[in-house]
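[1] sharing a model that was predicted from the sequence below.
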Amino acid sequence: MSEADSPEGLVPDTGRIGGLNLSNLAYNSVSEMIRRRRLRGGEVIVEARLAETLGISRTPLREALQRLEGEGLVVKGTARSYVVRHVDLGEYLQSLKVREILEPEAAALAAGHIPRGELASVRAEINEQRNAVPYHTDAHWRSDDNLHELFARHCGNEVLTGMIRSLRVTTRLFEIARLADRLEADSTEHLAIVEALEQDDAKAARRAVQNHIRSLGKCALDTVR
């Protein structure tokens, strides 16, 4: 759910809307609040207050929080409360190291197996972000997700795909807080990945993804230290 669909993340309190129940609507709203940093890493979620803000009861909110816990976006705190997961520099860099092993392999496996239309769509999205004025952070993250999900989804190994998705939850929590302005670097590196995949070049795809992830680590060290 976007802010345009529901101001300040509010969700209408009806049983089913557009095929989605309140739990799903709450999940979308809280996910967006974390992504937009209206809920920040380490912040305790006060369920009664958040339910009131969203205009729903606590039951669908708790169901949504349990789902978010399963995905690694929130963790259990004290007294059965939930806390937005905080990822520090050390955990981020360690997670990137694992991604540096897994994602180049996934890209190499996916080369030659991705439909041309999907590659063209991702390329167009990246170019659109480069030319957007003003810079739109959320659109940048969506474009980033779409590219990495593209080669993860087509690598032919569901276990590998799942591991990459899980690690990207961890690294994204750090990036939305500390590495928000990487549009130009990400766009250039993403286009190199797309080009290699368009050419069905497994070696080039592996190298481009590896370079991209190493660049993220260098940026984090330069920015945070």
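    Yep, that arrived.
[2] and residue 76, backbone torsions?
    phi -70, psi 130 (degrees, to the nearest 10).
[3] got it, and residue 43?
    phi -80, psi 130.
[4] residues contacting it?
    83, 84 (C-beta atoms under 8 Å, 6 or more residues apart in numbering). Every residue, glycine included, has its C-beta placed from N, CA and C.
[5] wait, isn't residue 147 in contact with residue 124?
    No - using C-beta atoms under 8 Å, residue 147 is not in contact with residue 124, being 11.8 Å away.
[6] who has more neighbours, these two?
    residue 147 (25 against 11; other C-beta atoms under 10 Å).
[7] tell me what the one helix or strand residue 159 maps to is packed against?
    Using DSSP states H and E, residue 159 sits in helix 158-178. If you count contacts as 3 or more C-beta pairs under 8 Å, 6 or more residues apart in numbering; DSSP states H and E, helix 158-178 packs onto helix 22-35, helix 89-110, helix 137-153, helix 202-224.
[8] downstream neighbour of that helix in the secondary structure list?
    By DSSP H and E, the next helix or strand past helix 158-178 is helix 183-198.
[9] surely residue 119 and residue 194 touch.
    Yes - the pair residue 119 / residue 194 is scored as a contact, 6.1 Å apart, by C-beta under 8 Å.
[10] higher neighbour count, the two?
    Between residue 119 and residue 194, counted using other C-beta under 10 Å, the more crowded position is residue 194 (23 against 18).
[11] quick one: pLDDT of that one?
    With respect to pLDDT, residue 194 scores 98.
[12] what separation is there between it and residue 125?
    To residue 125, residue 194 is 10 Å away according to C-beta to C-beta, to the nearest Å.
[13] swap in residue 113?
    From residue 113 to residue 125 the distance is 20 Å (C-beta to C-beta).
[14] just the buried residues of the helix or strand hosting residue 70, please?
    Assigned by DSSP H and E, residue 70 belongs to helix 58-71. Neighbour-count burial for helix 58-71 flags 60, 61, 62, 63, 64, 65, 67, 68 (criterion: 16 or more other C-beta atoms under 10 Å).
[15] give me the contact list for it.
    Helix 58-71 is contacted by residues 21-27, 29-31, 34, 45, 47-48, 50-51, 54, 74-76, 82, 169 when judged by C-beta under 8 Å, 6+ apart.
[16] how about stretch 74-82?
    Contacts of stretch 74-82 (C-beta under 8 Å, 6+ apart): 34, 44, 45, 46, 47, 65, 68, 69, 83, 84, 85.
[17] same thing but at 10 Å, please
    Residues outside stretch 74-82 that contact it (C-beta atoms under 10 Å, 6 or more residues apart in numbering) are 30-31, 34, 39, 42-47, 50, 61-62, 64-69, 73, 83-86.
[18] higher neighbour count, residue 113 and residue 125?
    Neighbour comparison, residue 113 and residue 125: the larger count goes to residue 125, with 18 against 13 (by other C-beta under 10 Å).
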